[in-house]
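Q: give me a 3D structure for the following:
(chains A and B)
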Amino acid sequence: QKEVEQDPGPLSVPEGAIVSLNCTYSNSAFQYFMWYRQYSRKGPELLMYTYSSGNKEDGRFTAQVDKSSKYISLFIRDSQPSDSATYLCAMSNSGGYQKVTFGTGTKLQVIP
Amino acid sequence: DGGITQSPKYLFRKEGQNVTLSCEQNLNHDAMYWYRQDPGQGLRLIYYSQIVNDFQKGDIAEGYSVSREKKESFPLTVTSAQKNPTAFYLCATGQGIYEQYFGPGTRLTVT
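A: Numbers count the residues shown, from 1 in each chain, chains lettered A, B, ... in the order given. Predicted coordinates:
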């Protein structure tokens, strides 16, 4: 079993829809939870991060962490065609070296 | 213009040849990383370096080598011992506990 599981999609939604992207994990030592966005043939860029449990909102994006269920989510409101990309969840423990474990990514397509 | 540069963007090599991928940063970050990305497998860590003249193996270091002689540079050599070298290679830098910044990547094709 992988440490981090992520549905690869693809996920197709109409413009304006609310998108929910999810990851589950097995390592209870993870404390930092990140979401990266990767456009085709580009490097990933950090979208949001959350420490421990809770919610964090940034514009149209909301990240949620439920450590009791080992489940994290990224919600995108009012989705736009420019949101079409692969979304990678990532996690790290609180050790000195920032080893980050990535999910395999979910490909999202927002249709105009 | 701050950031991470990787060159070349596309690289083609014959089987049995060693090839070196370049990664340069001017973000003044201490840590640098090399990942490999394959379809359906996500990012896998090859090597990382937290300070100059020191580096550690990641999860899939076999068939790869690195050096860190300068803070700004972390080149990756893909040797002929790497059995499946065709992949998208990403270099990243980091300063905090969780945040990593990625370069644009190099797509290596070995035939």
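
Q: what's near enough to touch residue A:81?
A: Shown in contact with residue A:81 (C-beta atoms under 8 Å, 6 or more residues apart in numbering or on different chains): A:15, A:110-112. Just so you know, the C-beta spots here come from the backbone N, C-alpha and C atoms, and that holds for glycine as well.

Q: strands along chain B, start to end?
A: For chain B, applying DSSP state E gives strands covering B:4-7, B:10-13, B:19-25, B:31-38, B:42-51, B:54-57, B:64-66, B:76-78, B:87-94, B:100-102, B:106-110.

Q: cool, chain A as well?
A: Ranges of strands within chain A are A:4-6, A:11-14, A:19-25, A:30-38, A:45-51, A:54-58, A:61-66, A:71-76, A:85-93, A:100-102, A:106-111, based on DSSP E.

Q: packing partners of the second one?
A: Contacts defined by 3 or more C-beta pairs under 8 Å, 6 or more residues apart in numbering or on different chains; DSSP states H and E place strand A:11-14 against strand A:19-25, strand A:106-111.

Q: on that earlier part again, residue B:27 is nearest to which of the strands of chain A?
A: The minimum distance between residue B:27 and these falls on strand A:45-51, with 13.3 Å, by C-beta to C-beta.

Q: how far off strand A:30-38 does that closest one point, in degrees?
A: Angle of strand A:45-51 versus strand A:30-38, following axes from the mean of the first three to the mean of the last three C-alpha atoms, to 10 degrees, is 160 degrees.

Q: need the residues of chain A near chain B, please.
A: With C-beta under 8 Å from any C-beta of the partner chain as the criterion, chain A comes near chain B at residues A:4, A:6, A:8, A:32, A:34, A:36, A:41-46, A:49, A:51, A:88, A:92, A:94, A:97-100, A:102-105.

Q: spell out for me the ChimeraX command that would select the buried members of the residues you listed.
A: Restricted to buried positions by 16 or more other C-beta atoms under 10 Å in any protein chain shown, the ChimeraX selection for the residues of chain A next to chain B reads:
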select /A:4,6,32,34,36,43,44,46,49,88,92,98,100,102,103,104,105
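
Q: what pLDDT does the residue of chain B found nearest chain A get?
A: Nearest to chain A, among the residues of chain B, is residue B:102, at 3.4 Å (C-beta to the nearest C-beta). At residue B:102, the model reports a pLDDT of 94.
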